[in-house]
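A.B. asks: structure for this input, please:
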Amino acid sequence: MTIAMIEAHNITKYFGLKNKKSFKALDNVSLNISKGEFAVISGRSGSGKSTLLYILSAMDNSYEGTVWLDDQKLSGMNDRELSRIRNRKLGFVFQFHFLLPHFSVLQNVLLPAMKNSGISERECRGKALEKLQWLGIEHLADMPSQKLSGGQQQRVAIARALMNEPDIIMADEPTGNLDRQNSELVFQIFRRLRSEKNKTILVVTHDKDLAQTADRVIYMEDGKILNPDHYL
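C.D. replies: Below is the predicted model of the structure:
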């Protein structure tokens with residue numbers, strides 16, 4: 001039996017006032033993402049894919065419709081409640097890695113765990129080093145992040161996203177600033193997270209070739225999903 005990790009029902013999103021001058025970014029969008037699935041949302045620039053991702057990731061609560069995340073209804077929650085859900089359930093990887101340049105790799109990865117007062121500093125360091133080792137960059141732990149290559153920085157960002165052991169990893173154009181080799185490496189990491197860690201992965205990308213390596217590609221155009229059930 002397939003278990004839904006993410007459910008969205010009739011999501012409509014306007015930018016600006018809801019009148020003739022407003023822009024409808026999402027138009028009655030519904031989809032399910034199964035637990036342990038690696039899904040990609042793809043489409044041209046302006047198709048609504050990133051807007052949808054930010055709603056599904058509890059970063060945007062200004063929309064019509066209903067979103068469920070692991071059987072919890074996000075719609076109607078306040079900012080504090082949504083923040084708690086994000087910290088506990090989600091790891092997010094952006095196009096820009098947003099590392100602190102003068103902090104070491106290890107310090108950057110430790111940042112999410114610092115908010116969890118129930119974990120000792122020693123335990124946090126152990127978890128961070130474990131993530132770096134799994135990603136093959138433990139030897140860079142003490143290096144300032146500004147001295148890393150773009151591909152290395154993105155792997156550090158992925159390690160940081162994994163620190164609180166999230167069930168779901170979401171990524172918005174995570175390879176947008178990377179060359180082909182590092183882009184393929186990032187998607188390989190996502191596939192490993194699915195197969196080895198049973199993480200649910202949802203990635204927005206405009207790269208059609210990389211999208212084809214996921215379990216499912218969800219194509220969007222003009223704020224609508226064209227094929228919610230297309231599996232490769």
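A.B. asks: go ahead and flag the most central residue of the protein.
C.D. replies: The residue lying closest to the centre of the chain (C-alpha atoms, centre = their mean) is Met170, at 1.3 Å.
A.B. asks: how near is it to Pro101?
C.D. replies: Plainly put, Met170 is 24 Å away from Pro101 if you go by C-beta to C-beta, to the nearest Å. The way it works is simple: take the backbone N, C-alpha and C, and place the C-beta from them, glycine included.
A.B. asks: can you show me the helices along the protein?
C.D. replies: Per DSSP state H, the chain carries helices over the ranges 49-56, 79-89, 105-110, 121-134, 150-162, 180-197, 208-211.
A.B. asks: in contact with Asp207, which residues?
C.D. replies: 42, 175, 183 (C-beta atoms under 8 Å, 6 or more residues apart in numbering).
A.B. asks: surely the first one touches Gly48?
C.D. replies: No - here Ser42 lies out of contact with Gly48, judged by C-beta atoms under 8 Å, at a distance of 11.5 Å.
A.B. asks: quick one: common contacting residues for the two?
C.D. replies: Both Ser42 and Gly48 are contacted by Met220, under the criterion C-beta under 8 Å, 6+ apart.
A.B. asks: between these two, which one's more packed in?
C.D. replies: Gly48 (24 against 20; other C-beta atoms under 10 Å).
A.B. asks: chain neighbours aside, what residue packs nearest to the more buried one?
C.D. replies: Gly223 (4.2 Å; C-beta to C-beta, 6 or more residues apart in numbering).
A.B. asks: could you check how far the nearest residue to Ile6 once chain neighbours are set aside is from Ala159?
C.D. replies: Counting by C-beta to C-beta, 6+ apart, Ile33 is the residue found nearest to Ile6 once chain neighbours are left out, at 4.0 Å. Taking C-beta to C-beta as the measure, Ile33 and Ala159 are separated by 23 Å.
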